[in-house]
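A.B. asks: My questions are about this predicted structure, shown below with the sequence.
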Amino acid sequence: MKPGSFEWTQWFQERQSQFTGQLLFDEPLAKHTYYRIGGPAALLAIPKTREDLELLREGLAAAGPPLFVLGLGSNILASDEGFAGIVVRASRLNLEIEPESRNDAGTEDSALVIRTGGSVAISTLLRRASTEGWAGLEFLTGVPGSVGGAVVMNAGTHLGEAAGALADVDWIGLRPGVPARSFAGADLKYQYRKNLYLPNDGIVWSARWKVRRDEPARVKAAIDETLARRKATQPLDFPSCGSVFKNPKESGLSAWQVIDRLGLRGHRIGDAQFAEKHSNFIVNLGSARAADVRALIDLAKRRASKELGVQLEEEVMFI
Ligand SMILES: Cc1cc2nc3c(=O)[nH]c(=O)nc-3n(C[C@H](O)[C@H](O)[C@H](O)COP(=O)(O)OP(=O)(O)OC[C@H]3O[C@@H](n4cnc5c(N)ncnc54)[C@H](O)[C@@H]3O)c2cc1C
């Protein structure tokens, strides 16, 4: 089998019956991204078990096609041409949410650790946190992705970021010869919306979060308040990837302020638009193509550099 050719898909076609999850050939990525944009992946795999991951690993070893690991697709712009490799959508693997008591010396009685599967949706985790009274995860309010995506992206809000609440992360490599690994403490190296320790050819299997017990009503009130504020300030009626650019901190400006200074709020190419409601969101008004979104991104980067001396960096990831 030749890497990069479509012959390798046959290897997987012949093993469909051994796979518990789904193997979807020529699957439109638009169906798996929040943006509702993206051409076909040669193969989109939705594994459900560790055995499924083994089969994917075997196929990757035999065939060597390009690999992209997807979570819930909320921070992704997929190309109009699609992807000539395997996209592994890690949305149905480990879905556990389990509290564990913390017995490390010096912690208060109220301290807890919550073990979460990498496929757990952040919204599900926060619902559970508000019914159980687990405080400390409110900073993830309104982030629409999965635990795996939050761990990889160091997701967060003005209330904090993943780096501040993670105790450890279990990761499984998908390439041959790459062992599963656990990362804890000083291994968990992060920068703003970026991790510096996870290889990009594997799966975040689980993560443990440091929280503390509190009144469920108080946790719920904090989450509800942030949700209401985000609803009022973000264009949630249209598909998007959230903030397109990271805040260029060294400039002293937020990304939305840069877009506004360039007069680009509301600017539109095709069906992609810098949202009127929040100018660091590029929304898909209906049938935007990845090329339209890319054109807006390139325009803002070029003009920010030339006119304001600000280097904008994308937060959105590209397939
Ligand atoms: C309306 C809206 C609002 C948003 N608001 C915020 C916000 O306030 N703060 C914020 O930080 N982000 C925000 N985002 C962006 C996005 O939700 C986060 O980046 C989120 O953490 C991505 O999670 P995901 O599961 O969708 O990952 P994806 O978008 O699918 O993937 C993102 C990255 O994570 C990797 N990845 C995902 N899951 C796994 C896994 N299990 N194993 C290994 N790698 C994995 C992918 O390879 C990719 O590199 C917003 C997005 C939208 C659409």
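C.D. replies: It's in.
A.B. asks: From now on I want contacts and neighbour counts done on CA atoms only, so please keep to that.
C.D. replies: Fine.
A.B. asks: interface residues of the stretch 201-319 of the chain facing the ligand?
C.D. replies: For the stretch 201-319 of the chain, the residues in contact with the ligand (Cα under 6 Å from any ligand atom) are 202-204, 236, 240-242.
A.B. asks: Looking at the residues you listed, which are in strands?
C.D. replies: Secondary structure from DSSP state E places 202-204 of those in strands.
A.B. asks: Looking at those, which one is closest to Lys48?
C.D. replies: Nearest to Lys48 among these is Ile203, at 12.4 Å by Cα to Cα.
A.B. asks: residues contacting the closest one?
C.D. replies: 69, 90, 118, 148, 171-174 (Cα atoms under 8 Å, 6 or more residues apart in numbering).
A.B. asks: partner residues bridging it?
C.D. replies: Beta bridges link Ile203 to Ile172 when assigned by DSSP bridges.
A.B. asks: can you tell me how far it sits from Pro239?
C.D. replies: Relative to Pro239, Ile203 is positioned 26 Å away (Cα to Cα, to the nearest Å).
A.B. asks: from what I can see Gly59 touches Phe12, true?
C.D. replies: Yes: using Cα atoms under 8 Å, Gly59 is in contact with Phe12, at 6.9 Å.
A.B. asks: Show me the strands in the stretch 151-300 of the chain, by range?
C.D. replies: 156-157, 160-161, 166-173, 181-184, 190-191, 194-195, 202-213, 268-269, 272-274, 282-284 (DSSP state E, counting those that start in this stretch).
A.B. asks: out of these, nearest to Thr20?
C.D. replies: Ranking the strands of the stretch 151-300 of the chain by distance to Thr20, with Cα to Cα as the measure, places strand 202-213 first at 17.3 Å.
A.B. asks: quick one, helices of the chain?
C.D. replies: Along the chain, counting by DSSP state H, helices occupy 8-13, 50-63, 122-132, 147-153, 216-233, 255-261, 290-303.
A.B. asks: Out of these, which is the most enclosed?
C.D. replies: Across the helices of the chain, the average number of neighbours (mean count of other Cα atoms under 10 Å) peaks for helix 147-153, which reaches a mean of 26.
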